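[1] Pasting the sequence and the predicted model now:
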Amino acid sequence: MRRYCGVVARYDGQVALVREQYDAWDAEYWNLPSGAVEDGETPGSGAVRELREETGLRVDEDALELVWRTISTIDGEAATQSWNYVVSVGDPSFCIDDPDGYITDVRWFPVEDAVRLLRQVPYPPLAVPSSHFLQTAERLVWNFTPADNGQWGWSHFPIAQA
């Protein structure tokens, strides 16, 4: 199963978003700093690394708060799992050092603008939980399943039950 992590980095009432392009996407989109959890990493340590690589923001793993998880199921089997955290940063200075080369920009956005931009991401397991959390602060576990028609179905439950 592939494992991913992401971070809602906050500073002065704003949220850090990265502009990125993936081969599967039709264009660049603003997204939360996120990526794969590497071998030997915990989801939290992966989140700290991804945040640093994609934005230059530095935080301690113990400052992260888990705010949502996602599980994507294909043909009845869990295919991907992600852990997503929120953290406040002390130094808002950006410096992209993305070894994958996907990140083209990083900026601070007011929450309402971040929600609008995140809703445009063409992958529901990224777009739906992130925009929902920024609007409601609900801590949830999300289950996503792709349908044969290319659409996605999803459900969620409180993270406390996980």
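    Received the coordinates, thanks. Numbering: from 1, shown residues only.
[2] Distance check, the nearest residue to residue 35 once chain neighbours are set aside against residue 44.
    Nearest residue to residue 35, sequence neighbours excluded (C-beta to C-beta, 6 or more residues apart in numbering): residue 50, at 4.3 Å. C-beta coordinates here come from the backbone N, C-alpha and C atoms, glycine included. Look at residue 50 and residue 44: by C-beta to C-beta, to the nearest Å, they are 11 Å apart.
[3] Now for these two: what residues contact both?
    residue 5 (C-beta atoms under 8 Å, 6 or more residues apart in numbering).
[4] If you count surrounding residues, which of those two has more?
    residue 50 (25 against 19; other C-beta atoms under 10 Å).
[5] For stretch 149-157, give the mean pLDDT please.
    Taken as a whole, stretch 149-157 has a mean pLDDT of 90.
[6] List the buried residues of it.
    Residues residue 156 are the ones in stretch 149-157 that count as buried (16 or more other C-beta atoms under 10 Å).
[7] Ok, stretch 10-21 next?
    Under 16+ other C-beta under 10 Å, the buried positions of stretch 10-21 are 10-11, 14-20.
[8] Check stretch 58-69 too.
    59, 64, 67-69.
[9] ditto for stretch 103-116
    103, 106-109, 114-115.
[10] Enumerate every residue touching the residue lying closest to residue 22 once chain neighbours are set aside.
    Using C-beta to C-beta, 6+ apart and skipping the chain neighbours, the partner closest in space to residue 22 is residue 102 (6.5 Å). Residues in contact with residue 102 (C-beta under 8 Å, 6+ apart) are 20-22.
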